[in-house]
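Asks: mind folding the following:
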Amino acid sequence: MIENRTGQFISDGTEIHHFWEYLSEHHPHMKNKLGVVLDIQQLYTVTKKNFLEELATVPLEGIKGFHIHYRHRLTDMSNEIPWRQVFDTISSMEHDILINPEIHHKNKVKDTIQFCKRMLGNAR
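Replies: So this is what the prediction gives:
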């Protein structure tokens, strides 16, 4: 799995889209073996006001997992990241994915897992 990272070759939705397009065209036999772990905070950091548009360009079939955090701290609805739309996207996926609560403080991991469960339970 590869991860989108700020300042790297694959950092925004358009670059993820191009990667998946290339893989699909040149190595279709690898599509079930490769994929992207989408770090939502990183995507937001890179795209800011275009976040939702960039998220929409990401080919969902290429996503194998998500890193969920807010600056490696507990996520909540007061963050500027539009979590409702993020979890609507996650819940629309038709294949299994990994959700990694990428929190640096072990005492907040459980709270982040609970946040994800609530958001997935409330997704449209």
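
Asks: give me the contacts around the longest strand along the chain.
Replies: For the chain, the strand that runs over the most residues, judged by DSSP state E, is strand 63-68. Outside of strand 63-68, the residues that reach it under the criterion CB atoms under 8 Å, 6 or more residues apart in numbering are 1, 3, 35-42, 75, 90, 93, 97-102, 112, 115-116. Placement of C-beta: from N, CA and C, glycine included.

Asks: redo that, cut-off 10 Å
Replies: Outside strand 63-68, the residues within contact range by CB atoms under 10 Å, 6 or more residues apart in numbering are 1-4, 16, 20, 32-43, 75, 81, 83, 86-87, 89-90, 93, 95-103, 112-113, 115-116, 119.

Asks: give me the subset of those residues lying in strands.
Replies: The members of these that map onto strands under DSSP E are I2, E3, V36, V37, L38, D39, L98, I99, N100, P101.

Asks: count the neighbours of the third one for me.
Replies: What it means is V36. Burial measure for V36: 21 neighbouring residues, criterion other CB atoms under 10 Å.

Asks: on the pLDDT front, check the closest residue to G35 other than its chain neighbours for me.
Replies: Computed as CB to CB, 6 or more residues apart in numbering, the closest residue to G35 that is not its neighbour in sequence is K64, at 3.3 Å. Predicted confidence (pLDDT) at K64: the value is 97.

Asks: picking up where we left off before, buried among the ones in strands among the contacts of strand 63-68? Make that a PyMOL selection.
Replies: Here is the PyMOL selection string for the buried members of the ones in strands among the contacts of strand 63-68, based on 16 or more other CB atoms under 10 Å:
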select buried, resi 36+37+38+39+99+101
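
Asks: in contact with M1, which residues are there?
Replies: Residues in contact with M1, defined by CB under 10 Å, 6+ apart, are K33, L34, G35, V36, V37, I63, K64, G65, L98.

Asks: try it again with 7 Å
Replies: With contact taken as CB atoms under 7 Å, 6 or more residues apart in numbering, M1 is in contact with G35, V36, V37, K64, G65.

Asks: I'd like the distance between the fourth one and R71.
Replies: Which is K64. K64 is 23 Å from R71, where distance means CB to CB, to the nearest Å.
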